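> for reference, the sequence and a predicted model appear below.
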Number of protein chains: 2
Amino acid sequence: MKNTLTSPAAKAGYESVRRHNLSLVLRTVREEGEVTRARVASLVGLTRAAVSSLVEELLALGCLSESGKTSSGSAGRPGTVLTLSRTGPAGLGVEINIDYVSVCAVDLTGTDRVRVIEHTDHRGVPPAEVLAHAARLTNRVIGSTREQQLRVVGVELALPGLVSGGVVRQAPNLGWSRVAAEGIFGQALSTLRPAGRALAVGSDNEANLAALAEYWFGGLGGLRTFLYLTGEIGVGGALVLNGEILRGAHGFAGEIGHVVVDPQGPQCRCGARGCLEQYAGRAALFEAAGIDCGQGVRGAAELEQRAAAGDPRTVEALRTAGDRLGVVLAGAVNLFDPEAVVLGGIYRNLMPWLIEAADAQLTTRVVSGRWHEGGSRLRASSLSGDAARGAAARVMYEVMENPAAYAVR
Amino acid sequence: MKNTLTSPAAKAGYESVRRHNLSLVLRTVREEGEVTRARVASLVGLTRAAVSSLVEELLALGCLSESGKTSSGSAGRPGTVLTLSRTGPAGLGVEINIDYVSVCAVDLTGTDRVRVIEHTDHRGVPPAEVLAHAARLTNRVIGSTREQQLRVVGVELALPGLVSGGVVRQAPNLGWSRVAAEGIFGQALSTLRPAGRALAVGSDNEANLAALAEYWFGGLGGLRTFLYLTGEIGVGGALVLNGEILRGAHGFAGEIGHVVVDPQGPQCRCGARGCLEQYAGRAALFEAAGIDCGQGVRGAAELEQRAAAGDPRTVEALRTAGDRLGVVLAGAVNLFDPEAVVLGGIYRNLMPWLIEAADAQLTTRVVSGRWHEGGSRLRASSLSGDAARGAAARVMYEVMENPAAYAVR
């Protein structure tokens, strides 16, 4: 017991250094992809002995894998190669949206390993029922991860509304108000896994998590400050500032769907009139294009097909929506000054019919006049607004920060 | 030369520690107001000898004053008391707005020591002429600071437009575009002071600096995340996030004056239509109230008098402006989620006639529904949008961070 005489403060200091170094080694392996212990030591500036001790712990935690393969190009004694484990900890993301649930498991490399999507309309369904259904789906995905030798260490919920402290404060399109989503979901999941260890459950707004997925995995090419929109039934938004979600004072920032287009416009589910959602949300697009509003995903595909076929009503509906989007985006760009605006959800595939009218408004209205320097800064999301993957990746991000906290107990 | 054998790296490390500690002692004196060396030592956790050496340097730099006064309530040998010097370094702020120039000098305590305001319309005047005039005014204020035994160490320009890298990229109301304001002003000031040391000149958007003045000196009572508006001819805005200006990707964030109220609305000087400025800027208010638009400051006073007298046209003009302000603010609050919105400039005194209509829009449109929890979060600025003081204080902030960089040479 060599630590017997160590003071609690010194021990806390030692543990904090160890935690920092474990994370440093793990992140180094992530960045390098494949790397020898010696190379890790030289990159992080620790002794080889120290790195070996850290690597042993990370192997025991299931975070790293080591193979006998010789590192290419290295001189001297062939070394073994470290990679992130594909059979270690996994994070689960659960997106509960208006008319679907999407559950996804990612490993430490951020790779999507299991995915289940169910299309089902949640409007009018009691929140506890929706959350219990999501928990059942989650439990099934946990089973699938086990078959892939993955060990789920946490779950993050992505929810289409204002989320703080585990509670959905408002989700107008779901009709939810003050729903303790984390607690209800966690309870439902525990009931399904009587023998299982209780999993940590977190939650955030779906647009925030979709924006993080885009930032971490999308093809943004170094963008760090951007405005992200996801068009579904609601229009969600997120502001990413230097790679971090801008949350505002209460965690409710980014609600671009309820920025006004016309104060006298149509009634919105939020209680106000003329919100962007009423002009560029999915229901508004369907209605303007003459598609049955109940059609959900099939409707989105039909909208795209009609636009591609040049149907005049659809093309005009999208041009008008693009114009209204452009007006609101111009205001948001004037306020927030992002490098670019990224459009996800149904907007992603509809970009060809939205971009011209939207860009015209942005070019006229962005006061810095920078909008068109070097071409449009309006971009299609590369991931179609995948909040579930962002949610799962956030769990993995926590593991990367403090791997020892996720040891098998 | 005891440092002869010190390596450059070690020396740099030593200097950085010394700089940090000088700043720490200086900031401690600022926070305490009056404090003995012994108390500083116990507050910052350095030895009394180390603190004494730092205090001696700060006395030599003119940053601290020491008086023989006994510290009240202290036991033992009476100590001398340290305070921030009121005859040391000073910062100069120069606000160049559409129809006035305001120059202000503050000392280390942030107190306004000299102030000169000249009302003169800058529209249509060549930028170099405006900047040369501001330099002459600045030079006069430098003379006055000298009479008060203050030593100006830097100048910050506050400009009503998009400012980055010392250049005004766009200032629609001035009609400026790509004006190298820092360089032109600095050159003009040097010419006026052939024997003087060249002063460092910085620059920023006036609303940003007014928001900082409000944050540092106003009565915000602990607010750290807020949206700040200043109503003059233009409507400037700034987003303060945890006490820091949110700049965005290019430094142009906060341009709320050009967020759209009605896409088909009146033509704005920025080139777009229906910007907030066209509904709630000074000229729009004057016109709606039937006041001669050329009247500037007198017009603002008249507007206030008419409103106070209950003139129906004026009251209605302000109610309408408050309504439009509320619509745009609701969008900004939905995007940025601040703790409060602070209204400066002419809005400050007009609040009684603006607030009801603005709050009605905010209450309906802010989707978190938090607007009225604990009462309105719309507040009048306590400083009337004093960008010059914010600019001067920023220079002092730099001195606080690294006092030795501002030694008399």
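Yep, it's here.

> from the contact counts, what lies against the host helix or strand of residue A:41?
According to DSSP states H and E, residue A:41 maps onto helix A:37-44. With contacts defined as 3 or more CB pairs under 8 Å, 6 or more residues apart in numbering or on different chains; DSSP states H and E, helix A:37-44 has these neighbours: helix A:8-32, helix A:48-60. For the C-beta atoms, the positions are set from N, CA and C on the backbone; glycine is no exception.

> which of those has the lowest average pLDDT?
Here the lowest mean pLDDT among the helices and strands packed on helix A:37-44 goes to helix A:8-32, at a mean of 86.

> ok, and what's touching it?
Helix A:8-32 has contacts (CB atoms under 8 Å, 6 or more residues apart in numbering or on different chains) with A:3, A:6, A:35, A:39-40, A:43-44, A:46, A:50-51, A:54-55, A:57-58, A:63-64, A:82-84, A:108-109, A:400-404.

> can you give me the buried ones in that helix?
A:21, A:22, A:23, A:24, A:25, A:26, A:28, A:29, A:30, A:32 (16 or more other CB atoms under 10 Å in any protein chain shown).

> ok, the first one to residue B:111 distance?
Distance of residue A:21 to residue B:111, given as CB to CB, to the nearest Å: 48 Å.

> distance between the ends of stretch A:247-259?
17 Å (CA to CA, to the nearest Å).

> swap that for stretch A:277-292, sorry
Start-to-end, stretch A:277-292 (CA to CA) is 17 Å.

> so is stretch A:370-385 next to chain B?
Yes - residues of stretch A:370-385 contacting chain B under CB under 8 Å from any CB of the partner chain: residue A:370.

> now that stretch: how far from the chain's centre is it?
On the basis of CA atoms, centre = their mean, to the nearest Å, stretch A:370-385 sits 19 Å off its chain's mean C-alpha point.

> what packs against the host helix or strand of residue A:178?
Following DSSP H and E, the helix or strand that holds residue A:178 is strand A:176-179. Judged by 3+ CB pairs under 8 Å, 6+ apart, strand A:176-179 is in contact with strand A:167-171.

> wait, a strand at residue A:91?
Yes - counting by DSSP: H, G, I helix; E, B strand; the rest coil, residue A:91 is part of a strand.

> right, and it touches residue A:145 too?
No - the criterion here is CB atoms under 8 Å, and residue A:91 misses it with residue A:145 at 9.9 Å.

> returning to what we had before: list the neighbouring strands of the strand holding residue A:178 plus their orientation.
Next to strand A:176-179 in the sheet, as set by DSSP bridges, lie strand A:167-171 (antiparallel).

> give me the residues contacting the partner strand.
By CB under 8 Å, 6+ apart, strand A:167-171 touches A:127, A:159-163, A:174, A:176-182, A:203, A:252, A:270, B:367-369.

> hang on, the earlier thing: and the contacts of helix A:8-32, which are buried?
Among the contacts of helix A:8-32, those scoring as buried are A:35, A:39-40, A:43, A:46, A:51, A:54-55, A:57-58, A:63-64, A:82-84, A:108, A:400, A:403-404 (criterion: 16+ other CB under 10 Å).

> pLDDT weak spots in chain A?
A:1-10, A:69-79, A:295-296, A:372, A:374, A:384-385, A:409 (pLDDT under 70).

> leaving out sequence neighbours, find the closest residue to whichever residue of the stretch 251-400 of chain A sits closest to chain B.
Of all residues in the stretch 251-400 of chain A, the one sitting closest to chain B is residue A:337 (2.5 Å; CB to the nearest CB). Of all residues not flanking residue A:337 in the chain, residue B:248 sits nearest, at 2.5 Å (CB to CB, 6 or more residues apart in numbering or on different chains).

> number of nearby residues for that neighbour?
The local packing of residue B:248 (other CB atoms under 10 Å in any protein chain shown) involves 22 other residues.

> ok, now residue A:119?
Applying other CB under 10 Å, we find 12 residues neighbouring residue A:119.

> now do residue A:292
11.

> leaving out chain neighbours, which residue sits closest to it?
Distance criterion CB to CB, 6+ apart; nearest residue to residue A:292, sequence neighbours excluded, is residue A:299 at 6.7 Å.

> just residue A:92 next, same as before
Nearest residue to residue A:92, sequence neighbours excluded (CB to CB, 6+ apart): residue A:155, at 4.5 Å.

> domain assignment for chain A?
Chain A breaks down by automatic domain parsing into domains covering A:8-84, A:89-208+A:388-406, A:222-382.

> wait, which of these is closest to residue B:231?
domain A:222-382 (16.5 Å; CB to CB).

> return the backbone torsion pair for residue A:120.
phi -160, psi 130 (degrees, to the nearest 10).

> any idea how far the residue nearest to residue A:337 lies from residue B:254?
Residue B:248 is 8 Å from residue B:254, by CB to CB.

> likewise residue A:15?
Look at residue A:15 and residue B:254: by CB to CB, they are 43 Å apart.

> quick one on the thing from earlier: does the residue nearest to residue A:92 count as helix, strand or coil?
Looking at residue A:155 with three-state DSSP, the answer is strand.

> OK, contacts around it?
A:91, A:92, A:93, A:94, A:138, A:185, A:189, A:199, A:200, A:201, A:202, A:395.

> chain B: which of these is nearest?
Nearest member of the contacts of residue A:155 to chain B, counting by CB to the nearest CB, is residue A:202, at 19.4 Å.
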